[in-house]
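Participant: got a sequence here, can you model it:
(one chain, ligands or ions: 4)
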Amino acid sequence: RAKKAGPGTVCFFEQADDRQSRDRKALQADLAGAIARDELFLVFQPFLDLRNNRITGFEALLRWQHPSRGLVPPSEFIGIAEETGLIHEIGEWVIRRACATLADWPEDIRVAVNFSAAQFHNTAVLQTIVQALADAKVSPSRLEIEITESMLLSKYSSAASVLNALLQLGVTVALDDFGTGFSSLTYLRKLPFSRIKIDQSFIRDMLVQPDCAAIVKSVISLARDLNIAVVAEGVETADQLEYLRQISCDEVQGYLISRPVAADGVRALLDTKKYRATYAA
Ligand code: C2E
Ligand code: MG
Ligand code: MG
Ligand code: MG
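Facilitator: Ligands and ions are numbered 1, 2, ... in the order given. Sure, this is the predicted structure:
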């Protein structure tokens, strides 16, 4: 019996594996043509400044409208894009589209763009950024690049040189998902980050787990001393917002303020007084 069940089980997993890899290959092939077919688009999620209850900018988040699968989230295709090298073309498209969209917004509003490790270690991206900013006629200071701690680990020196080159251009850099990687305080001291984004897992748990609150408070106070602004990600409740205000967090982002909106929803968000009335202290 055991002999029979053994191979049978293996076979079952192989079939599931095959299906998965076929599916992945199909998605890969579709993704290769997604830009040409105009299936990619950006949505934008606001940053709210807690000191004055004003929106200071938006993070650009990538979406793929697949012709038969429907809306595919980045968690399902960014990895594929990275493995296949498509991330360079896609990343360039994101930068250009984000800058072009930014041109329609008020001058005190910034846009933040997420980077993958491969993009970040390719210095050609600097030329793309310069060109995109020039074509859109927007100031470099209005563009922020979001990177994660893991991108600093493998090739620290190349990361440092790209970071410094971005700074030379006048583009700011934020450290995304802070606290989830191998956070090293050395990075904060040696690299020129303008902003730290505390990962949403800490924000989710901070009102129920005292150790989580301690970490959030410490990061905010450390960042203040280092002259780095702090964004809390994933704020979903009014209690979380109130707590973050009390401990002097600079900015918040999350479903409580707004879900990511399409480009034509940005104006409406900037014009509305809703968030001001609702969340004013
Ligand atoms: P991220 O940069 O940390 O973005 C935050 C994610 O959290 C977004 O998911 C956002 O929709 C979601 N989020 C925002 N507020 C809340 C909240 O209150 N509660 C919860 N539960 N979630 C919230 P999304 O858009 O699915 O993006 C996931 C990740 O995909 C991003 O994480 C980023 O790492 C990556 N990504 C998105 N767009 C791009 C891109 O253009 N290029 C690259 N390389 N990566 C991207
Ligand atoms: Mg981000
Ligand atoms: Mg994040
Ligand atoms: Mg995240």
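Participant: look at the residue nearest to residue 51 when sequence neighbours are not counted and say how many residues are nearby.
Facilitator: Excluding the flanking residues, the one nearest residue 51 by Cβ to Cβ, 6 or more residues apart in numbering is residue 250, at 7.2 Å. In short, each C-beta sits where N, CA and C put it, glycine included. For residue 250, the count of nearby residues is 21 (other Cβ atoms under 10 Å).
Participant: next one: residue 101
Facilitator: 18.
Participant: quick one: buried residues of the longest strand along the chain?
Facilitator: As assigned by DSSP state E, the longest strand anywhere in the chain is strand 54-66. Neighbour-count burial for strand 54-66 flags 54-64, 66 (criterion: 16 or more other Cβ atoms under 10 Å).
Participant: and stretch 251-271, by the same measure?
Facilitator: 251-254, 256-258, 260-261, 263, 266, 269.
Participant: how about the residues of the stretch 101-250 of the chain near ligand 2?
Facilitator: Contact residues (Cβ under 5 Å from the ion) of the stretch 101-250 of the chain with ligand 2: 114, 146, 176.
Participant: just checking, the first one touches residue 176?
Facilitator: What that stands for is residue 114. Yes: if you go by Cβ atoms under 8 Å, residue 114 and residue 176 touch, sitting 6.9 Å apart.
Participant: between the two, which one's more packed in?
Facilitator: A direct count of neighbours by other Cβ under 10 Å for residue 114 and residue 176 places residue 176 higher, at 24 against 20.
Participant: what's near enough to touch that one?
Facilitator: 114, 146-148, 197 (Cβ atoms under 8 Å, 6 or more residues apart in numbering).
Participant: make sure I have this right: residue 175 is in a strand.
Facilitator: Yes: judged by DSSP: H, G, I helix; E, B strand; the rest coil, residue 175 forms part of a strand.
Participant: isn't it up against residue 145?
Facilitator: No: using Cβ under 8 Å, residue 175 is not in contact with residue 145; the gap is 10.4 Å.
Participant: what's the distance between residue 250 and residue 32?
Facilitator: Using Cβ to Cβ, to the nearest Å, residue 250 is found at 40 Å from residue 32.
Participant: now swap in residue 16 and tell me
Facilitator: For residue 16 relative to residue 32 (Cβ to Cβ), the value is 25 Å.
Participant: so for those two, which sits in the more crowded spot?
Facilitator: residue 32 (14 against 10).
Participant: so who does that one touch?
Facilitator: By Cβ under 8 Å, 6+ apart, the neighbours of residue 32 are 84, 86.
Participant: any chance of the backbone angles for it?
Facilitator: Here is the backbone geometry of residue 32 (degrees, to the nearest 10): phi -60, psi -30.
Participant: could you pull out the helices for the stretch 151-281 of the chain?
Facilitator: With DSSP state H, counting those that start in this stretch, the ranges of helices along the stretch 151-281 of the chain come out as 156-169, 185-190, 200-205, 210-225, 238-246, 263-271, 274-279.
Participant: how about those helices in CSV, adding mean pLDDT?
Facilitator: Below are these laid out as CSV (pLDDT from 0 to 100):
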stretch, mean pLDDT
helix 156-169, 90
helix 185-190, 84
helix 200-205, 97
helix 210-225, 95
helix 238-246, 97
helix 263-271, 92
helix 274-279, 46
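Participant: any idea which of the ones you listed is most buried?
Facilitator: helix 200-205 (a mean of 18; mean count of other Cβ atoms under 10 Å).
Participant: can you list contacts of it?
Facilitator: With contact meaning Cβ under 8 Å, 6+ apart, helix 200-205 is reached by 179-180, 212, 215-216, 232-236, 240, 244, 254.
Participant: and the residues you listed near ligand 1, which?
Facilitator: 234-236, 254 (Cβ under 6 Å from any ligand atom).
Participant: do stretch 63-82 and ligand 1 meet at all?
Facilitator: Yes: contact of stretch 63-82 with ligand 1 (Cβ under 6 Å from any ligand atom) involves 73-75, 78.
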